[in-house]
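Visitor: Could you look at this predicted model? Sequence included:
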Amino acid sequence: MDKQKILLVEDDTALASVYRSRLELENFDIREVHNGEDALAAAIEYKPNLILLDAMMPKISGFDVLDILRNTPETTNIRVIMLTALSQSKDKERAEALGVDDYLVKSQVVISDVVDRIKHHLASE
């Protein structure tokens, strides 16, 4: 069986490498990118099953990435989990209005929680 593919979008490279290592241990195929432009290109080219998306990034924010993904036919159905430092309800509401599948606040979750949410969303494919 092919590994499920996760696109990891995180501009903090140290944090990205921690997540990448853990997700590879869980037997996922991971592509890591560090900005919104690369995320949009990779979403179309790599065709991930799920995107783990940071909100605060240079150039194109995670919210804008999500908006573009949802409005692009090739990517509209990819599951997206936002993992962000933004804990205000208005940010969560904005992400939900744009069609996010899940919204996790970095300070409120540990990596195993994130893995659990990823597995949950991929199991319901």
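Guide: Great, that's in hand.

Visitor: Buried residues in stretch 82-102, which are they?
Guide: By neighbour count with 16 or more other CB atoms under 10 Å, stretch 82-102 contains the buried residues 82-84, 86, 91-92, 94-95, 98, 100-102. For every residue, glycine as well, the C-beta is placed using N, CA and C.

Visitor: among those, which one has the lowest pLDDT?
Guide: On pLDDT alone, Leu86 ranks lowest of the buried residues of stretch 82-102, at 90.

Visitor: Tabulate the buried residues of stretch 82-102 in TSV, adding columns for secondary structure and distance to His121.
Guide: What follows is the buried residues of stretch 82-102, written out as TSV (DSSP: H, G, I helix; E, B strand; the rest coil; distance: CB to CB, whole Å):
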residue	secondary structure	distance to His121
Met82	strand	12
Leu83	strand	13
Thr84	strand	16
Leu86	coil	20
Asp91	helix	20
Lys92	helix	17
Arg94	helix	20
Ala95	helix	15
Leu98	coil	16
Val100	coil	11
Asp101	coil	6
Asp102	strand	6
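
Visitor: Same list (those) but as CSV, adding distance to Asn35.
Guide: Written out in CSV, the entries for the buried residues of stretch 82-102 read as follows (distance: CB to CB, whole Å):
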residue, distance to Asn35
Met82, 15
Leu83, 15
Thr84, 15
Leu86, 17
Asp91, 19
Lys92, 22
Arg94, 20
Ala95, 18
Leu98, 18
Val100, 19
Asp101, 21
Asp102, 21
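
Visitor: residues near Ile78, how many?
Guide: 19 (other CB atoms under 10 Å).

Visitor: sec struct for the residue lying closest to it once chain neighbours are set aside, please.
Guide: In space, Ile78 comes closest to Ile51 once its chain neighbours are excluded; the distance is 5.8 Å by CB to CB, 6 or more residues apart in numbering. Reducing the assignment to helix, strand or coil with DSSP: H, G, I helix; E, B strand; the rest coil, the entry for Ile51 is strand.

Visitor: Please name the bridge partners of Ile51.
Guide: Leu7, Val80 (DSSP bridges).
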